[in-house]
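Asker: Coordinates only, no sequence provided:
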């Protein structure tokens, strides 16, 4: 049952998380190939105590590979995924390249594992903010369809890779030392500041991150008309996204019902301690598999108890990217 | 026309801002009294180049005072405001003590200046998050009534006073130096982390900050049934609150109409540059009077163009507290 695995983009933040999770979950690896761009050739990558050379990602990288985990950006996925498929691999792609392709499944294993079977060589991994919202709202939606969702995000800098984290810490030190912050990765100051998400803005004024949340959730939930609106914001936190989620249900839904539905839901942990004002924080979710949920409240602005407010936090490198992809790979086994 | 002014709580973050704004706006001050708790006695406070002794706030502090600016916490307002009124002063109170008293006006000068006339000695200054939301949405509400509002806040640590800022910077340095962060002002780590607002939580699960936004907005707008729901979050930013505001209007409302209504609205500045992904940030609003507005988008999750998303940032010590109170005082002149 052990598989020949390749990781495309192994030196990136998600690539490193792939390595860690494959080890932690003892994924049955027969062989492993460490692939990255030419400038990483010469580096080595440890896996289960053994050093592997980092090889250049090319069209001929995939001979004998059965599972190819891609997280090297959408351009490289478009360039190399078909070569991996031709070589016989199943590609699980963390980029946005194929997510909205109607012939390619887009999968959150807690939500739509059955879609995995429909693949023709490529399975797309959703955007991090989408995964972190979808895991806790799916059990609610199954019990009582969500009519409308209003989301505001609080997104960590590592959503923009390791360079985002470096920039946050460098700028924080500069500002504490009375210097002007240096901008490299982000256009605007991120330490002790926040800004609207740094992705391209479409003609309707929504940025790509917001558009992904809307379109990907509809595809994963098989609800092409689900009403969703979203505002995505970058905040000075190294790791883990938070989201303020307002839900309008078809029928009445109380906080107690939400708690019961989420208590044993796969991939969800509750932190909802009103007495101690203790709710999910990024430092809770960091390096953990689950999406943490709290601040479960009746939205009193909607009639007939049809509204619920939630607050969630999830590790966007882990469940929002690498873990979700490896959970898909586990379903493939 | 010059007035005898007293500042209760002059050593605090808002007290210091009172001093700065009275100077900057050249408020007609005949005399000024610097009041604080006993432990600040012995300090001096500069005003227009002159040093004043800080005196203890007592019931006999207000002889001859005409305008008393209070920002010393709700308990001290309850204890001393009536003494100031008895002495003949008009109290403008920045605490939550009197805001929901039906006999006391709660005023945002851009919204309901006419309510000032109804005062019986005390005028309440609203909560910071409420003011920052109300200034930009009022011109929209006047043109097309707001049916429902969903708000998520991104609140700076100085909402909890100067100690909040000190804690943020101290913890940031500790973490950058590889140490564990020290918690004093806040129960949970704030540097490189976020948490649900640190105010008391009511039986319905909403914290005081959220309840203020709902109740105060209804009172200021004279809309006792306005549907509002809110999630308030503390973020690692020293100064200026941001808010993601989702609005449902009675009739259709387009982003262009919103822009036209806000372009010349008092107290509002637009930063809505999609081409450069340039929208309001805390560092824009810091030390400025206006509430900055951007990310003006049609909420496509609502039918008939009845939904609008907005992103706002305002200095919560300035317009969210001290400036608003002094603008009320200016209307009194």
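Answerer: Happy to help now that I have it. All figures in this text were calculated on a predicted structure; none of them were measured in a lab.
Asker: quick check, distance from stretch A:108-117 to the centre of its chain.
Answerer: Taking Cα atoms, centre = their mean, to the nearest Å, one finds stretch A:108-117 lying 15 Å from the centre of the chain it belongs to.
Asker: mean confidence for that stretch?
Answerer: Averaged across stretch A:108-117, the pLDDT comes to 98.
Asker: same deal with stretch A:175-191?
Answerer: Mean predicted lDDT for stretch A:175-191 stands at 98.
Asker: contact partners of that stretch?
Answerer: Stretch A:175-191 has contacts (Cβ atoms under 8 Å, 6 or more residues apart in numbering or on different chains) with A:157, A:160-161, A:163-164, A:166-172, A:174, A:192, A:195, A:198, A:234, A:236, B:169, B:172-173, B:176, B:276-278, B:281, B:283. Placement of C-beta: from N, CA and C, glycine included.
Asker: Same check on stretch A:2-9?
Answerer: For stretch A:2-9, the surrounding residues in contact (Cβ under 8 Å, 6+ apart) are A:15, A:18-19, A:22, A:27-36, A:57, A:61-62, A:64-73, A:76-77, A:80, A:84, A:89, A:329, A:333.
Asker: Next, the buried residues of it.
Answerer: A:3-9 (16 or more other Cβ atoms under 10 Å in any protein chain shown).
Asker: What of stretch A:85-97?
Answerer: Residues of stretch A:85-97 classed as buried by neighbour count (16+ other Cβ under 10 Å): A:85, A:87, A:89-97.
Asker: Just put those residues in JSON lines and tack on distance to residue B:264, pLDDT and secondary structure.
Answerer: Shown next, in JSON lines, are those (distance: Cβ to Cβ, whole Å; pLDDT from 0 to 100; DSSP: H, G, I helix; E, B strand; the rest coil):
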{"residue": "A:85", "distance to residue B:264": "58", "pLDDT": "98", "secondary structure": "helix"}
{"residue": "A:87", "distance to residue B:264": "63", "pLDDT": "98", "secondary structure": "coil"}
{"residue": "A:89", "distance to residue B:264": "60", "pLDDT": "98", "secondary structure": "coil"}
{"residue": "A:90", "distance to residue B:264": "58", "pLDDT": "98", "secondary structure": "strand"}
{"residue": "A:91", "distance to residue B:264": "54", "pLDDT": "98", "secondary structure": "strand"}
{"residue": "A:92", "distance to residue B:264": "53", "pLDDT": "98", "secondary structure": "strand"}
{"residue": "A:93", "distance to residue B:264": "49", "pLDDT": "98", "secondary structure": "strand"}
{"residue": "A:94", "distance to residue B:264": "47", "pLDDT": "98", "secondary structure": "coil"}
{"residue": "A:95", "distance to residue B:264": "44", "pLDDT": "97", "secondary structure": "coil"}
{"residue": "A:96", "distance to residue B:264": "40", "pLDDT": "97", "secondary structure": "coil"}
{"residue": "A:97", "distance to residue B:264": "45", "pLDDT": "98", "secondary structure": "coil"}
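Asker: Let me see the contact set for residue A:143.
Answerer: Contacts for residue A:143 were tallied using Cβ under 8 Å, 6+ apart; they are A:253, A:257, A:261.
Asker: Pick out the residue of the stretch 51-200 of chain A closest to chain B.
Answerer: Closest residue of the stretch 51-200 of chain A to chain B, Cβ to the nearest Cβ: residue A:152 (3.8 Å).
Asker: can you count the residues close to that residue?
Answerer: Per other Cβ atoms under 10 Å in any protein chain shown, the neighbour tally for residue A:152 reads 28.
Asker: What helix or strand is residue A:185 located in?
Answerer: Taking DSSP states H and E as the definition, residue A:185 sits outside all helices and strands.
Asker: Packing partners of the helix or strand residue A:323 falls within?
Answerer: For residue A:323, the element it lies in under DSSP H and E is helix A:323-332. In terms of contacts (3 or more Cβ pairs under 8 Å, 6 or more residues apart in numbering or on different chains; DSSP states H and E), helix A:323-332 is packed against helix A:13-24, strand A:67-70, strand A:90-93.
Asker: contacting residues around the last one?
Answerer: Contact with strand A:90-93 is made by A:66-70, A:77, A:81, A:84-85, A:119, A:121-125, A:325, A:328-329, A:332, as judged by Cβ under 8 Å, 6+ apart.
Asker: try 6 Å this time
Answerer: If you take Cβ atoms under 6 Å, 6 or more residues apart in numbering or on different chains as the criterion, strand A:90-93 is touched by A:67-70, A:77, A:81, A:84-85, A:122-124, A:325, A:328-329.
Asker: and it, how far out from the chain's middle?
Answerer: Its chain's C-alpha centre and that of strand A:90-93 lie 15 Å apart, by Cα atoms, centre = their mean.
Asker: List the neighbouring strands of it plus their orientation.
Answerer: If you go by DSSP bridges, strand A:90-93 pairs up with strand A:67-70 (parallel), strand A:122-124 (parallel).
Asker: what bridges to residue A:55?
Answerer: Here residue A:55 sits in beta bridges with residue A:35, as judged by DSSP bridges.
Asker: Out of the contacts of strand A:90-93, which end up buried?
Answerer: Buried subset of those (neighbour count, 16+ other Cβ under 10 Å): A:67-70, A:77, A:81, A:84-85, A:122-124, A:325, A:328-329.
Asker: Name all residues that make contact with residue A:309.
Answerer: Residue A:309 makes contacts with A:246, A:297, A:299, B:231, as judged by Cβ under 6 Å, 6+ apart.
Asker: okay, now the domains of chain A?
Answerer: With domains defined by automatic domain parsing, chain A comprises A:3-127+A:321-332, A:130-316.
Asker: Residue B:101: which of the ones you listed is closest?
Answerer: Residue B:101 sits nearest to domain A:130-316 of all the domains of chain A, at 22.4 Å, using Cβ to Cβ.
Asker: sorry, back to before: point out the ones among the contacts of residue A:309 that are inside strands.
Answerer: Assignment to strands by DSSP state E places the following of the contacts of residue A:309 there: A:246, A:297, B:231.
Asker: confidence score at the last one?
Answerer: You'll see residue B:231 listed with a pLDDT of 98.
Asker: Name whatever forms a beta bridge with it.
Answerer: Beta bridges link residue B:231 to residue B:152, judged by DSSP bridges.
Asker: before we move on, what about the first one?
Answerer: With DSSP bridges applied, residue A:246 shows beta-bridge pairing to residue A:150, residue A:309.
Asker: I'd assumed residue A:152 was in contact with it.
Answerer: No: using Cβ atoms under 6 Å, residue A:246 makes no contact with residue A:152, being 8.6 Å away.
Asker: hey, where'd the helices end up in the stretch 201-333 of chain A?
Answerer: Ranges of helices in the stretch 201-333 of chain A, per DSSP state H, counting those that start in this stretch, are A:208-221, A:255-263, A:282-285, A:323-332.
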